[in-house]
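Peer 1: Sequence isn't available, so here's the structure alone:
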């Protein structure tokens, strides 16, 4: 997962430098900082839940597995929605935490709204993907990581600028599209597994 994160970061910076120069790369640095907060918060919730999921799966206490996952999903979706709401309504304020450059804040205001447009559903992705690890379904979690970042996101970073009038915004657009496709893949996969868990 860490390897794919690094590959995504390199891809974004390479493409943004090509189409938008230093301002676009600097804006991406701010967006990465915001996403780091997201990735500390939500996986933190999941890592707290993983021992409960694993222990109760091993103990065949499936009702508690399901109850734990349901609570985890509610917390992750609520958290991602709250962060999304803050970023959409207070994007200038969020950007100003990381820089005092007025031009960069204005630029980031637009890029943040696009880049994080689908963050409110990202909690579904995190809850399901990381729960797969705890529930002895690591291959599925690995597949979902590769699917979202390597197969979908990285190609989109380089393809979308060729078809979007504003090439820089095309690069930023790759993230919400990848998030949407990933959630539409992950949620049915987890639901299918979840339905097979018998008390």
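Peer 2: Ah, there it is. Just so it is clear, the model here is predicted, and its values are computed rather than measured.
Peer 1: List the contacts of the residue nearest to the spatial centre of the chain.
Peer 2: Residue closest to the mean C-alpha point of the chain, counted by C-alpha atoms, centre = their mean, is residue 122 at 5.2 Å. Residues in contact with residue 122 (C-beta atoms under 8 Å, 6 or more residues apart in numbering) are 38, 42, 80, 84, 179, 183. Bear in mind the C-beta positions are built from the backbone N, C-alpha and C, glycine included.
Peer 1: so how many other residues sit close to the last one?
Peer 2: Spelled out, that is residue 183. Using other C-beta atoms under 10 Å, residue 183 has 20 neighbouring residues.
Peer 1: Output the below-cut-off pLDDT ranges for the chain.
Peer 2: 1, 199 (pLDDT under 70).
Peer 1: ranges for the helices of it?
Peer 2: 2-58, 62-89, 91-96, 102-115, 122-134, 138-145, 154-159, 167-196 (DSSP state H).
Peer 1: and the first one, what does it pack onto?
Peer 2: Contacting helix 2-58 under the criterion 3 or more C-beta pairs under 8 Å, 6 or more residues apart in numbering; DSSP states H and E are the following elements: helix 62-89, helix 102-115, helix 122-134, helix 154-159, helix 167-196.
Peer 1: Out of those helices, which one sits most buried?
Peer 2: Here the criterion is mean neighbour count by mean count of other C-beta atoms under 10 Å, and of those the winner is helix 122-134, at a mean of 24.
Peer 1: Of all the helices and strands packed on helix 2-58, which one is nearest residue 10?
Peer 2: helix 154-159 (9.2 Å; C-beta to C-beta).
Peer 1: so how far is the closest one off the chain centroid?
Peer 2: 16 Å (C-alpha atoms, centre = their mean, to the nearest Å).
Peer 1: Then stretch 27-35?
Peer 2: Distance, centroid of stretch 27-35 to centroid of chain: 13 Å (C-alpha atoms, centre = their mean).
Peer 1: for stretch 60-73, same thing?
Peer 2: With C-alpha atoms, centre = their mean as the basis, stretch 60-73 stands 23 Å off its chain's centre.
Peer 1: Need the contact partners of that stretch.
Peer 2: Under C-beta under 8 Å, 6+ apart, the answer for stretch 60-73 is 45-46, 49, 52-53, 56-57, 123-124, 127-128, 131, 135, 194, 197-199.
Peer 1: same check, this time on stretch 184-199
Peer 2: Contacts of stretch 184-199 (C-beta under 8 Å, 6+ apart): 62-63, 65-66, 69, 124-125, 128-129, 131-132, 135, 137, 140, 144, 147-148.
Peer 1: Repeat the analysis, applying 7 Å as the threshold.
Peer 2: Stretch 184-199 is contacted from outside by 62-63, 65-66, 124-125, 128-129, 132, 137, 140, 144, 147, using C-beta atoms under 7 Å, 6 or more residues apart in numbering.
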